[in-house]
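In: Sequence plus the predicted model coming up.
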Amino acid sequence: MEKSASGQDASHRDAATSVLFLALALGALWFVCCRHLSEEWRFNEQYSYGWFVPFFVAYLFWLRWEDRPKVEAGSREHGARSFAVVLIVGAAIILLPLRVFEVASSDYRPLGWLHAFAVVTITLSIVYLIGGGSWLRHFAIPVLFFLTAVPWVTAIEAPVIEGLMRSVAAIAAEVLAMFGIPAQAEGNLMRLPSGLVGVNEACSGVRSLQTSIMIGLLFGELKRLSLWQRIFLVIAGVGIALFANFLRVLFLVSMASRAHDVSVVNKWHNLAGYGILVAVFIGTMAIAWRLGRGAGSTEQGARSKESESRGQRTEVGGQRSEGAALRAPRFLLQAPGSQLTSLLLALCSLLFAWLVLVEIGVEAWYRMHERTTIATPAWSARWPKDAPGYREIKTDERVRELLRFDSAHEAVWRSPNLAETNYMFFFRWNAGSGTILRARAHRPDICLPSAGWKQLGTDRVESFRISPGRSLAFRRFTFGHIESKETPVRAHAYYCLHEDRVHAAEKDRQDLYSNWDLADRWRVVKHGIRNLGQQVLEVIILAPAGVDEKVIDQRFQEMLPALIAPENAETLKR
């Protein structure tokens, strides 16, 4: 009897140790994945609901745990168990190259999907090892629910966005015309006598589309609806979101028409957006309640019977008196010979150690390549607040969402002779804030064409003096406005990208990683280049077309020393 009791205590200790390493391994696995996706949740408004999804997953899993099926010792065949182990090992190995790429290209959405699928695969494989196929089917939905927080791949999201924008604009224009409001759809724009209203500002339904899908799946799981009922609920939620956004467009455009000022759209934009989320939440919840009303009592009865049965099984053999500390790992003790306990202990301890080694290895990879970096002289921007017509410009939320900078400043002023208008943009990314490729997305040859400007000739790199004995390299562009029907105007753009630290072979180069494509992403990973701090200064001078470019360059050189403030690295960090 003493040997039996001693063996039972040892089994409980092994089971408790397995639970500990299981918690450590899964905790580290999910934490790293959520930390990677949190950048998108933080900057992208349409995915901001992602912060709540991990908590929803935990809550749904806990609800499923309350009525979990019984563990059947013979439910896991040897071949299937070996396959589950292979899936865990394979998904864990993938995490190493995946994390290397994520550090240098944190904004690349396919990486987020690969990471999420690896986490889900490992989690569900562990669930299968513990409880077999019945547990896998029972807990699959709460775990897979996490995928609703992963941003859609751009190749899928972009066509949906553009299609919804154009469709909403066209339908809204027809409806507004019926009420005597002169609105004309031009792609994703609404032309009013007082100006243009962008449907992306009046909203096309996309910003609440992903949220409505998440809410539909959440209420479908809470009510334990059937598959077809859940599909219907998600479709209904999306329909509510799209219809509510259509009404939002009508409201905002009609307000702009009555006020004869398109700027009133900004005043009501956020309030109308919050109203849509409330409508989606309440409408989806009401539909879910209606669908689940008939099956609610049956489901509740089944849960009560399962809980009562599980309580009776717990009391058999005096296990009830052993206390909560020993009941926690009890599901691990149901395998003959504690084989499952030993397997889980080995797997979870190795998985946790591997996850720690992956993070150490990724950090070592980049630090190894950063030994050859050179610190560049720091500088920041000064703003000509005493210049004629100086005023600051509010940074567009879409620009913030795209560039994901840590700080930004924009301003416009006139030259003393009133013949020129100057725009200045300054963006700062602190060390470790995303990919270095993000700063290349706000170049004049990308942004100005989208505003109706056409590049004239080729760009070139020139150096301009900012202080005695010191110069900065700028990429020089010239643009002409496509729709200019009055006196032709030229936009002379000067773009400077500054890295706080650069590799020796890349010093003073302005043409690196400018395409923001797969080749560039592979290059930064291959050479271990991550964001060590960078900033962009862009100055645009609008002048009549007859002014010679050399004259504009001379005027830019004259104003530049007053716009640049050299400083040491410590001052810049502060």
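Out: Okay, I see it.
In: who does the helix or strand harbouring Ala173 touch, helix- and strand-wise?
Out: Using DSSP states H and E, the element containing Ala173 is helix 154-178. Counting contacts by 3 or more C-beta pairs under 8 Å, 6 or more residues apart in numbering; DSSP states H and E, helix 154-178 packs against strand 184-186, strand 189-192, helix 199-202, helix 206-222, helix 227-259. (Each C-beta comes from the backbone N, C-alpha and C, glycine too.)
In: for the stretch 351-500 of the chain, which spans come out with low pLDDT?
Out: 417-419, 441, 482-487 (pLDDT under 70).
In: that older thread, want to throw the helices and strands packed on helix 154-178 into TSV with mean neighbour count, mean pLDDT and distance to Leu114?
Out: Output for the helices and strands packed on helix 154-178, formatted as TSV (neighbours: other C-beta atoms under 10 Å; pLDDT from 0 to 100; distance: least, C-beta to C-beta, whole Å):
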stretch	mean neighbour count	mean pLDDT	distance to Leu114
strand 184-186	15	66	39
strand 189-192	21	66	36
helix 199-202	23	49	29
helix 206-222	23	85	19
helix 227-259	19	82	24
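In: Adding distance to Pro388 as columns, could you present the ones you listed in a markdown table?
Out: Listed next are these as a markdown table, based on distance: least, C-beta to C-beta, whole Å:
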| stretch | distance to Pro388 |
| --- | --- |
| strand 184-186 | 35 |
| strand 189-192 | 32 |
| helix 199-202 | 31 |
| helix 206-222 | 39 |
| helix 227-259 | 30 |
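In: Minimum distance to Lys526: which of these has it?
Out: Ranking those by proximity to Lys526 (C-beta to C-beta) places helix 206-222 first, at 33.3 Å.
In: other SSEs contacting that closest one?
Out: helix 53-66, helix 154-178, helix 227-259, helix 264-315.
In: Among these, which comes closest to Pro449?
Out: Closest among these, using C-beta to C-beta: helix 154-178, at 17.1 Å.
In: Distance from the chain centre to that closest one, please.
Out: 23 Å (C-alpha atoms, centre = their mean, to the nearest Å).
In: next one: stretch 84-91
Out: The answer for stretch 84-91 is 27 Å, by C-alpha atoms, centre = their mean.
In: For Gln455, give the beta-bridge partners.
Out: Phe479 (DSSP bridges).
In: Can you give me the distance of it to Thr478?
Out: 7 Å (C-beta to C-beta, to the nearest Å).
In: more neighbours, the two?
Out: Taking neighbours as other C-beta atoms under 10 Å, Gln455 and Thr478 compare with Thr478 leading, 19 against 16.
In: Spatially, what comes nearest to the more buried one if we skip its sequence neighbours?
Out: Setting aside the residues directly before and after it, Thr478 is nearest to Leu456 in space (C-beta to C-beta, 6 or more residues apart in numbering), at 4.7 Å.
In: Number of residues surrounding that neighbour?
Out: 13.
In: now swap in Arg404 and tell me
Out: 22.
In: His503 and Ala375: what is the separation?
Out: 12 Å.
In: which of these two has more neighbours?
Out: Neighbour comparison, His503 and Ala375: the larger count goes to His503, with 17 against 12 (by other C-beta under 10 Å).
In: Assign a three-state SS to Ala491, would you?
Out: Recorded secondary structure, Ala491: strand (DSSP: H, G, I helix; E, B strand; the rest coil).
In: Excluding sequence neighbours, find me the nearest residue to it.
Out: Ala491 sits nearest to Phe479 (C-beta to C-beta, 6+ apart), 4.2 Å away.
In: Likewise for Trp51?
Out: Nearest non-adjacent residue to Trp51, counting by C-beta to C-beta, 6+ apart: Trp41, 5.4 Å away.
In: Figure out the helix or strand that that neighbour lives in.
Out: Per DSSP H and E: helix 2-43 holds Trp41.
In: all helices of the stretch 351-500 of the chain, in order?
Out: 397-403, 444-447 (DSSP state H, counting those that start in this stretch).
In: Pull the distance from the last one to the chain's centre.
Out: Looking back up the chat, that one is helix 444-447. So, by C-alpha atoms, centre = their mean, the centroid of helix 444-447 is 23 Å from its chain's centroid.
In: Excluding its own residues, what touches that helix? List them.
Out: The contact list for helix 444-447 (C-beta atoms under 8 Å, 6 or more residues apart in numbering) reads 455, 459, 475, 477, 479, 491, 493, 495, 538, 540.
In: same thing but 7 Å
Out: 455, 459, 477, 493, 495, 538 (C-beta atoms under 7 Å, 6 or more residues apart in numbering).
In: Can you list the buried residues in that helix?
Out: 444, 447 (16 or more other C-beta atoms under 10 Å).
In: tell me the contacts of Phe390?
Out: If you look again at residue 390, you'll see it is Tyr, not Phe. Neighbour list for Tyr390: 384, 411, 413 [criterion: C-beta under 7 Å, 6+ apart].
In: Any quick PyMOL command for the buried ones out of the residues you listed?
Out: The PyMOL command for the buried members of these (criterion: 16+ other C-beta under 10 Å) is given here:
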select buried, resi 411+413
